[in-house]
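just a sequence and a predicted model for now, questions to come.
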Amino acid sequence: MCWDYHVLVTMEDSSGEVLAFDFDSTLPFGGLWSEYLSQAFPPLIMHFFSEQYRPMFRRVPARTYLEYFASDRSHMRGEDGEFLEPPPGYDCLRGPKAPKAMMLHDFLSFGQKTFDFLPEPETLSLLLGIDGAEASPASAS
C-alpha cells in the first residue's frame with residue numbers, strides 16, 4: 001500500500017517523552033514516537049523503496065496548523081463536482097491566517113516551498129537519527 005499523505009499527532013508529555021497518536025494505525029495509540037517511527041517504517045525495509053516512494057515528513061506545530069490550515073473539501077469531489085463520499089457534518093476548516101480557502105496541497109507539497117510558515121520536509125533517516133543525522137522528536141509536537 002502506498003499513501004499519498006497521512007496525518008497524525010505527536011505531543012511531548014510532562015516527562016519529555018514524545019508520543020504518537022495515529023487514528024488510522026494498529027500501533028499503540030499514544031505510544032512512543034521513536035517506536036512508532038521504527039514500527040511503522042522499518043528501516044531495514046525502507047531501503048528497498050525507490051527514492052520517490054520513501055516517506056517524507058512535515059512536522060507542523062499545532063499553532064501553525066490551527067492558524068493557517070484550510071480545506072474547502074475540493075479534494076473530496078469527483079470530476080463531476082459531486083462528493084465521492086458524504087462530507088463531514090461540520091463546516092469547512094479555515095484558520096484565521098489561512099491565505100486561501102484550500103491549503104491542503106500547500107501543506108502536502110514537498111517540492112517548492114510556497115509559504116514561509118510551513119516547516120521544511122524531513123526524511124525518515126533524519127527523524128530516526130540514521131547516518132549521523134540528529135533526530136529532534138521534541139519539535140514534533
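Good, I have the coordinates. Numbering: from 1, shown residues only.

go through the lowest-mean-pLDDT helix or strand in the chain and flag the buried ones.
Ranked by mean pLDDT, DSSP states H and E, the weakest helix or strand in the chain is helix 43-46, scoring a mean of 76. By 16 or more other C-beta atoms under 10 Å, the buried positions in helix 43-46 come out as Met46. Where C-beta positions appear, they are placed from N, C-alpha and C, glycine not excepted.

for it, the distance to its chain's centre please.
Distance of helix 43-46 from its chain centroid, counting by C-alpha atoms, centre = their mean, to the nearest Å, is 20 Å.

how far off centre is stretch 55-64?
Stretch 55-64 has its C-alpha centroid displaced from the chain centroid by 6 Å (C-alpha atoms, centre = their mean).

ok, and for that stretch, which residues are buried?
For stretch 55-64, the buried set under the neighbour-count rule, 16+ other C-beta under 10 Å, comprises 55, 57, 59-60, 64.

now, those that are in helices?
Thr64 (DSSP state H).

JSON lines for the buried residues of stretch 55-64, including pLDDT and distance to Val18?
Shown next, in JSON lines, are those (pLDDT from 0 to 100; distance: C-beta to C-beta, whole Å):
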{"residue": "Pro55", "pLDDT": "85", "distance to Val18": "17"}
{"residue": "Phe57", "pLDDT": "89", "distance to Val18": "13"}
{"residue": "Arg59", "pLDDT": "89", "distance to Val18": "10"}
{"residue": "Val60", "pLDDT": "92", "distance to Val18": "15"}
{"residue": "Thr64", "pLDDT": "94", "distance to Val18": "17"}
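
which ones among the buried residues of stretch 55-64 map onto strands?
Judged by DSSP state E, the subset of the buried residues of stretch 55-64 located in strands is Phe57.

closest to Met11 out of the buried residues of stretch 55-64?
Nearest to Met11 out of the buried residues of stretch 55-64 is Arg59 (C-beta to C-beta; 11.7 Å).

please name every helix or strand in contact with the least confident helix or strand of the chain.
Packing partners of helix 43-46 (3 or more C-beta pairs under 8 Å, 6 or more residues apart in numbering; DSSP states H and E): helix 124-128.
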